[in-house]
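1. sequence-free structure coming up:
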C-alpha cells in the first residue's frame with residue numbers, strides 16, 4: 001500500500017529530455033550562441049525529425065544528445081540520467097552502450113569487411129568474438145545485406161554501406177539512435193529504402209532522432225520539430 005508523502009522512484013516518462021539548453025562557442029573575443037534555451041521531450045519509440053536550415057543549431061543539438069559535447073547551461077537527461085553533468089569517461093560509456101550513430105558519410109572502417117564493421121562496437125563490451133560475429137551477422141540479415149558480409153566498404157554501393165552502418169548502430173542494442181542526414185549521399189530510391197528500414201526499426205520499439213533539412217523525409221516520422229537560429233520553432 002502506498003501512503004501520501006511516501007518517496008516513490010517513478011520511471012522516467014521520457015527517454016530524452018532537454019531543459020533550457022544553451023550552447024555558446026567562443027570565436028576569438030566574440031561569442032556565438034548556437035543553441036538558445038532548447039527544451040525537448042522524446043518518448044520511447046518516437047521517430048522524431050529535427051529539421052532546419054544550415055546553421056539553425058540542429059547538428060549542435062545532435063552532438064549534445066549524442067554525448068559528444070556538453071551544454072553551456074541547462075540539463076540533458078537520457079532515460080532519467082543527467083548526462084550534462086558527466087565527465088568524459090562517463091560520457092564515453094553512455095555513447096558506447098546507450099547510443100547508436102548513423103552518419104551521412106557512413107563512417108565505416110575501410111579495412112574491415114561489413115561483418116567486422118558491425119561487430120566493432122561490441123569489442124569493448126566483454127562479448128566473445130564468436131558471439132560478436134553471430135550478432136553482427138544477424139544484424140546484417142535484419143537489414144537485408146547478409147550476403148555481403150565479407151565485402152569491404154569499397155565493394156558496396158552507398159545504400160549497402162548505409163545498411164551496414166544501420167546494423168552497426170544497433171550492435172549494442174542502444175536506447176536511442178541518432179541519424180544525421182542518413183540519406184544525404186544517396187539517390188532518391190535508395191534513400192526511400194533506408195528510411196523505410198529506419199521506420200521499421202522504430203516499430204520494434206527503438207527511438208530514432210533524425211536530423212535533416214530534407215522535408216520529404218517527414219512522412220516517415222511520427223513527430224517533427226523545427227529549429228531556427230538556435231531555438232525550437234513550434235511545439236517540441
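-> Arrived safely. Since the structure is predicted, the reported quantities are computational estimates derived from the model, not experimental observations.

2. and the most centrally placed residue in the chain, what are its phi and psi?
-> When the chain is reduced to its mean C-alpha position, the closest residue under Cα atoms, centre = their mean turns out to be residue 178, at 1.2 Å. Taking degrees, to the nearest 10, you get phi -110, psi 120 for the backbone angles of residue 178.

3. hey, what's it bridged with?
-> On DSSP bridges, the residues paired with residue 178 through beta bridges are residue 101, residue 209.

4. Repeat that for residue 49.
-> According to DSSP bridges, the residues that bridge with residue 49 are residue 210, residue 224.

5. Which stretches in the protein count as strands?
-> Secondary structure of the chain (DSSP state E): strands at 16-27, 30-42, 47-51, 73-78, 81-82, 99-103, 176-180, 207-212, 223-228, 231-233.

6. Between those strands, which one is closest to residue 188.
-> Closest of the strands of the chain to residue 188 is strand 207-212, at 14.0 Å (criterion: Cβ to Cβ). For every residue, glycine as well, the C-beta is placed using N, CA and C.

7. from the chain's centre, how far out does the closest one sit?
-> Distance of strand 207-212 from its chain centroid, counting by Cα atoms, centre = their mean, to the nearest Å, is 6 Å.

8. hang on, the earlier thing: rank the strands of the chain by mean pLDDT and give me the bottom one.
-> Sorting the strands of the chain by mean pLDDT places strand 231-233 lowest, at a mean of 87.

9. Next up, the contacts around the residue lying closest to residue 143 once chain neighbours are set aside.
-> Beyond its immediate neighbours in the sequence, the residue positioned closest to residue 143 (Cβ to Cβ, 6 or more residues apart in numbering) is residue 163, lying 4.3 Å away. If a contact means Cβ atoms under 8 Å, 6 or more residues apart in numbering, then residue 163 has 140, 143, 144, 145, 194, 197 as its contacts.
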